[in-house]
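Asks: Quick one: sequence and predicted model below, then my questions.
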Amino acid sequence: VLFRSFNTAVRNYRVGVVGASGGIGQPLSLLLKLDQRVTDLSLYDVAPVTPGVAADIGHVCTPAKTAGYVGQDQMHAALKDCDVVVIPAGVPRKPGMTRDDLFTMNASIVQGIAEACVTACPKAMFLIISNPVNSTVPIFAETLKKHGVYDKKRLFGVTSLDVVRANTFIAENQGMDVNTMAVPVIGGHAGTTILPLLSQVPGASFSDEDTKALTHRIQFGGDEVVAAKAGGGSATLSMAYAGQFFASRLMAAMSGEKDVVECAFVENDLTSAPFFATKVKLGPNGAEEVLPYGPLSAFEQEGLDSLVPDLIVQAKKGIEFANK
């Protein structure tokens, strides 16, 4: 049983969730409460219900201690000495909105969180979920740079939901066991900047029509959820799962587990874009090694060629905002 399977030798991380009372934050916090490596779970939001969310999750019978913080004056205390900070804070997507539409609303929020992290937990691992990731990660990086505490190995844009969707959709299409799927997804985390590498799925065979249809569905899976919820929200539960999954894998690597490789949006020089999602080997210091994305099909190469200029523009937008 998940919440009874604890190894006290590895339960040693203080984890902060910024935006803990939102649609992603609440299920994400619950899942983190179940993680055997979490000793202290610090939940922060501007919403007044946050202490109640912490109390509710705190009743779950796992060893992690849970505390809730609310309001700007408590942000520093919430983040103080965190080893990992997961950030789903911000305004969620609504029908008709793209991730880029969220920029104006979420850019200031992310910058403010980064400013708080500078003094509260400058050595933490920062996991950015707040959209648009292609711009918010550069904002976070530039803010840390201003204060001399930026370490590119410790900043991640969480693109795990793209991998989760790719694994699910491709397993269904191919009649494969989803538990064995590990589809590489490179590029960014918005629409056509998301590029699943179907050509690298062992044992799979796709028609040209399937390749195009699956790629589009993975790229715009968020729109599918927004439409299905009929204006009632965006992809919150699957994002919470994906966020906890990446955080858990990172903590495993921080604890010394070997050969932990996950896709993430990180600073690298694989392309001319300053930030690019690819497979990353994780370790005690974060992104220990950025791995090459490997051979591409003609369809994938065309997608890569078209997405890189978009990533450059979106990163520049974030950088310019941070440096105003």
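Replies: Arrived safely, thanks for sending.

Asks: where do the helices sit along the stretch 201-324 of the chain?
Replies: Taking DSSP state H, counting those that start in this stretch to define them, one finds helices in the stretch 201-324 of the chain at 208-219, 221-228, 237-254, 298-322.

Asks: For residue 122, give me its contacts.
Replies: Shown in contact with residue 122 (Cβ atoms under 8 Å, 6 or more residues apart in numbering): 144, 147, 149. For every residue, glycine as well, the C-beta is placed using N, CA and C.

Asks: Can you add pLDDT and distance to residue 110 and give the residues you listed back as a markdown table?
Replies: Listed next are the contacts of residue 122 as a markdown table, based on pLDDT from 0 to 100; distance: Cβ to Cβ, whole Å:
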| residue | pLDDT | distance to residue 110 |
| --- | --- | --- |
| 144 | 98 | 12 |
| 147 | 97 | 15 |
| 149 | 98 | 16 |
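
Asks: Just send the residues you listed back as TSV, with distance to residue 89, secondary structure and neighbour count too.
Replies: Converted to TSV, the contacts of residue 122 look like this (distance: Cβ to Cβ, whole Å; DSSP: H, G, I helix; E, B strand; the rest coil; neighbours: other Cβ atoms under 10 Å):
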residue	distance to residue 89	secondary structure	neighbour count
144	17	helix	22
147	20	coil	13
149	20	coil	16
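
Asks: Could I get the residues you listed in TSV, plus columns for distance to residue 209?
Replies: Formatted as TSV, these follow (distance: Cβ to Cβ, whole Å):
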residue	distance to residue 209
144	45
147	51
149	49
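
Asks: Tell me how many other residues crowd the nearest residue to residue 264 once chain neighbours are set aside.
Replies: By the measure of Cβ to Cβ, 6 or more residues apart in numbering, the closest residue to residue 264 outside its immediate chain neighbours is residue 156, 4.5 Å from it. Counted with other Cβ atoms under 10 Å, residues neighbouring residue 156 total 30.

Asks: cool, and residue 250?
Replies: Other residues near residue 250 number 28, with proximity taken as other Cβ under 10 Å.

Asks: and if you look at residue 260?
Replies: 18.

Asks: Could you tell me which residues make contact with it?
Replies: Neighbours of residue 260 in contact, by Cβ under 8 Å, 6+ apart: 249, 250, 252, 253, 281, 282, 283.

Asks: Generate a ChimeraX selection restricted to the buried subset of these.
Replies: A single ChimeraX command selects the buried members of the contacts of residue 260 (16 or more other Cβ atoms under 10 Å):
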select :249,250,252,253,282,283
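
Asks: The contacts of residue 260: which two are farthest apart?
Replies: Comparing every pair within the contacts of residue 260 by Cβ to Cβ identifies 252 and 281 as the most remote, at 12.5 Å.

Asks: For residue 72, see how far away the residue nearest in space to the middle of the chain is.
Replies: Centroid check for the chain by Cα atoms, centre = their mean gives residue 158 as the closest residue, at 1.9 Å. Relative to residue 72, residue 158 is positioned 24 Å away (Cβ to Cβ, to the nearest Å).

Asks: go on, residue 155?
Replies: Taking Cβ to Cβ as the measure, residue 155 falls 23 Å from residue 72.

Asks: ok, these two, which is more surrounded?
Replies: residue 155 (25 against 10).

Asks: so who does the closest residue to the more buried one other than its chain neighbours touch?
Replies: Nearest residue to residue 155, sequence neighbours excluded (Cβ to Cβ, 6+ apart): residue 126, at 5.0 Å. Taking Cβ under 8 Å, 6+ apart, we find residue 126 in contact with 85, 87, 114, 117, 140, 154, 155, 156.

Asks: Provide the secondary structure category for residue 126.
Replies: State at residue 126, reduced to three classes by DSSP: H, G, I helix; E, B strand; the rest coil: strand.

Asks: Just the terminal-to-terminal distance for stretch 36-52.
Replies: 23 Å (Cα to Cα, to the nearest Å).

Asks: Show me what counts as buried in the helix or strand bottoming out on mean pLDDT in the chain.
Replies: Lowest on mean pLDDT, DSSP states H and E among the helices and strands of the chain sits helix 221-228, with a mean of 93. Within helix 221-228, the residues scored as buried using 16+ other Cβ under 10 Å are 221, 222, 223, 225, 226.

Asks: So which residues of the stretch 1-150 of the chain form helices?
Replies: Under DSSP H, counting those that start in this stretch, the stretch 1-150 of the chain gives helices at 25-33, 50-58, 75-79, 103-120, 133-146.

Asks: need these in TSV with distance to residue 235, can you?
Replies: Listed next are the helices of the stretch 1-150 of the chain as TSV, based on distance: least, Cβ to Cβ, whole Å:
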stretch	distance to residue 235
helix 25-33	11
helix 50-58	20
helix 75-79	25
helix 103-120	16
helix 133-146	13
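
Asks: Just tell me which of the ones you listed ends up closest to residue 189.
Replies: Nearest to residue 189, of the helices of the stretch 1-150 of the chain and by Cβ to Cβ, is helix 133-146 at 4.0 Å.
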